[in-house]
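Novice: Return a 3D structure for these sequence lines:
(chains A, B, C and D)
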Protein chains: 2
Amino acid sequence: MGRTSDAREKLLAAALNLIWSSSYGAVGVDQICEVAGVKKGSFYYFFASKSELAVAAYEAYWQAKLPDMEALFSPDIPPLQRLESFCRFGYEAQRQKFEEFGFVVGCPYANAGSELATLDPRIRVKTQEIMERVMGFIESAIHDAVQAGDIPPLNPKSAARQVYSVILGDLLRAKVENNPEVLADLGTTVSHLIGAPNTCATA
Amino acid sequence: MGRTSDAREKLLAAALNLIWSSSYGAVGVDQICEVAGVKKGSFYYFFASKSELAVAAYEAYWQAKLPDMEALFSPDIPPLQRLESFCRFGYEAQRQKFEEFGFVVGCPYANAGSELATLDPRIRVKTQEIMERVMGFIESAIHDAVQAGDIPPLNPKSAARQVYSVILGDLLRAKVENNPEVLADLGTTVSHLIGAPNTCATA
DNA sequence: GTGATTGTTGACCATTCTGTCAACTAACGC
DNA sequence: GCGTTAGTTGACAGAATGGTCAACAATCAC
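Specialist: Numbering: from 1, shown residues only, chains lettered A, B, ... in the order given. This next block holds a predicted model:
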């Protein structure tokens, strides 16, 4: 077998956190290595390039957060409550990051997509993949809500896209205003959007 | 008086276009100068830093597009039609850029905000300013629509924020999927969101 | 122990980055 | 013409960039 190491995992974690609170372009390989406590030579032993590290880091982060997502969107929870909880979860997460850094950092995948979609095909495709997974969860909740008669019948896929767009947009506005409170009633907005009870188009 | 020059304007235009289709971090001062046909010495005669140039470039671009915005949101046009036209305008713009570059480039302000909100306070505030102006236009249309009885009564400011979020989110999704068609029925989504006739929460 | 495998190290390279500066030049008022 | 103001130029600096490599060290199977 040979020598073992957790350098790879440390690099993935360091890269995700640094890039998330800053940007891909502004974070250097040296900086990632320093935070990870790994020498640059080792970096290029595990990853062929900074870009490849980023792709792996996003995938690893998704895998790490997957249990949370599955808990939030568990079929045991009423569908509309799943969406509400997901929104609240995002809100809380941004508030926490805001406390930590003094900045609303937004969504790591959205940040990457926005910065790199035209520059790095692999990163673009990876963020696309992950966003589709998120929309899949949203879609399942909407589907179940329709099935349960909680909301009027609508196309779950198309509705999920709209819901996700509102979430992404609100996250971006919160980041640009550097104010997590922008996200405070995201859940209500989402409920309106899909026509949840006595909230149809009344802001 | 002394010598005159259009170097400043050329730099503003070159910077905006380069950064828009790429990213702030990935575009160098040398590159901007080359496209503008201006030597670097002149760059730093007009601008103290790359960051300052970016701020000026976004403001200049907004000012240049302001007539379009005023035409789109003219009080002479029925309020709901203003929103519809604005969405269509954005869709067409992205399609055009897609033809030109092979990429959905998204919104220049949103790109800047997403990449730089945590890194460059001045750029963050400038994008915030401009986004507020956009929301002002949207708000006026919604206000007039309510006044005209076209849509149910709602808070125009809060509704405008939601509408803008959907637009930003859709633009980001289009960029990440590199598919301008994501924006094809943005107008319909927006109409739904504000409760326009016979479209309440039916996707 | 031996050998193969896996991972570590730090010096090194070429390039690119933002930003600087002193010398130069064009246009204007007078 | 003369002085002043406004703008241009190209060479330069210092740091940071992503990436390379050959020598070294730890671990395992046998």
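Novice: pull the longest helix from chain A.
Specialist: In chain A, with assignment by DSSP state H, the single longest helix is helix A:121-147.
Novice: So which bits of the helix or strand just after it are buried?
Specialist: Using DSSP states H and E, the next helix or strand after helix A:121-147 towards the C-terminus is helix A:156-177. Within helix A:156-177, the residues that qualify as buried are A:156, A:159-177, counting by 16 or more other C-beta atoms under 10 Å in any protein chain shown. Heads up, the C-betas are built off the backbone N, CA and C, glycines and all.
Novice: Show me what helix A:156-177 packs onto, helices and strands only.
Specialist: helix A:79-101, helix A:108-116, helix A:121-147, helix A:186-193, helix B:108-116, helix B:121-147, helix B:156-177, helix B:186-193 (3 or more C-beta pairs under 8 Å, 6 or more residues apart in numbering or on different chains; DSSP states H and E).
Novice: circling back: the longest helix of chain A near chain B anywhere?
Specialist: Yes - Helix A:121-147 reaches chain B (C-beta under 8 Å from any C-beta of the partner chain) through A:Arg124, A:Thr127, A:Gln128, A:Met131.
Novice: Can you list the low-confidence ranges for chain A?
Specialist: Scanning chain A for pLDDT under 70 picks out the ranges A:197-203.
Novice: Quick one: name the residues of it near DNA strand D.
Specialist: Residues of chain A lying close to DNA strand D by C-beta under 7 Å from any atom of the strand are A:1-4, A:27-31, A:40-41, A:43-44, A:48-51.
Novice: For those residues, which ChimeraX command selects only the ones that are buried?
Specialist: Selection of the buried residues among the residues of chain A next to DNA strand D in ChimeraX, burial being defined by 16+ other C-beta under 10 Å:
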select /A:27,29,43,50,51
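Novice: what residues are up against the residue nearest the centre of chain A?
Specialist: Centroid-nearest residue in chain A: A:Cys107, 4.6 Å away (criterion: C-alpha atoms, centre = their mean). By C-beta atoms under 8 Å, 6 or more residues apart in numbering or on different chains, the contact list for A:Cys107 reads A:Gly90, A:Leu168, A:Leu171.
Novice: Which helix or strand contains the nearest residue to A:Gly37 once chain neighbours are set aside?
Specialist: In space, and not counting its chain neighbours, A:Gly37 is closest to A:Lys10: 6.4 Å by C-beta to C-beta, 6 or more residues apart in numbering or on different chains. Secondary-structure assignment from DSSP H and E places A:Lys10 in helix A:7-21.
Novice: Pull out the buried positions in that helix.
Specialist: Under the neighbour-count criterion of 16+ other C-beta under 10 Å, helix A:7-21 has A:7-8, A:10-21 buried.
Novice: Dump the residues you listed into JSON lines; add distance to A:Ser85 as well.
Specialist: What follows is those, written out as JSON lines (distance: C-beta to C-beta, whole Å):
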{"residue": "A:Ala7", "distance to A:Ser85": "36"}
{"residue": "A:Arg8", "distance to A:Ser85": "33"}
{"residue": "A:Lys10", "distance to A:Ser85": "31"}
{"residue": "A:Leu11", "distance to A:Ser85": "32"}
{"residue": "A:Leu12", "distance to A:Ser85": "27"}
{"residue": "A:Ala13", "distance to A:Ser85": "26"}
{"residue": "A:Ala14", "distance to A:Ser85": "30"}
{"residue": "A:Ala15", "distance to A:Ser85": "29"}
{"residue": "A:Leu16", "distance to A:Ser85": "24"}
{"residue": "A:Asn17", "distance to A:Ser85": "24"}
{"residue": "A:Leu18", "distance to A:Ser85": "29"}
{"residue": "A:Ile19", "distance to A:Ser85": "27"}
{"residue": "A:Trp20", "distance to A:Ser85": "22"}
{"residue": "A:Ser21", "distance to A:Ser85": "25"}
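Novice: Closest one to DNA strand C out of those residues, please.
Specialist: Distance ranking of the buried residues of helix A:7-21 against DNA strand C, using C-beta to the nearest atom of the strand, places A:Ala7 first at 3.8 Å.
Novice: List the residues that contact the closest residue to that closest one other than its chain neighbours.
Specialist: Using C-beta to C-beta, 6+ apart and skipping residues adjacent in sequence, the residue nearest A:Ala7 is A:Val38, 4.6 Å away. Shown in contact with A:Val38 (C-beta under 8 Å, 6+ apart): A:Ala7, A:Lys10, A:Leu11.
Novice: Redo those residues as CSV? Include distance to DNA strand C.
Specialist: As requested, these are exported to CSV (distance: C-beta to the nearest atom of the strand, whole Å):
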residue, distance to DNA strand C
A:Ala7, 4
A:Lys10, 9
A:Leu11, 9
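Novice: quick check, nearest of those to B:Ala145?
Specialist: Ranked by distance to B:Ala145 (C-beta to C-beta), those are led by A:Leu11 at 52.2 Å.
Novice: The closest one contacts A:Tyr45, correct?
Specialist: No - between A:Leu11 and A:Tyr45 there is no contact under C-beta atoms under 8 Å: 10.2 Å.
Novice: angle of the helix holding A:Lys10 against helix A:108-116?
Specialist: Angle, helix A:7-21 to helix A:108-116, by axes from the mean of the first three to the mean of the last three C-alpha atoms, to 10 degrees: 70 degrees.
Novice: Output the helix or strand immediately after helix A:7-21 in the chain as CSV, restricted to C-alpha atoms.
Specialist: Elements were assigned by DSSP H and E; along the chain past helix A:7-21, the next helix or strand is helix A:29-36. The C-alpha trace of helix A:29-36 is given here as CSV (Å, rounded to 0.1, in the frame of the first residue of the first chain):
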residue,chain,number,x,y,z
VAL,A,29,-2.6,27.6,-4.7
ASP,A,30,0.0,28.7,-2.1
GLN,A,31,-2.7,30.1,0.1
ILE,A,32,-4.7,26.9,-0.1
CYS,A,33,-1.7,24.9,0.8
GLU,A,34,-0.8,27.1,3.7
VAL,A,35,-4.3,26.8,5.2
ALA,A,36,-4.3,23.0,4.6
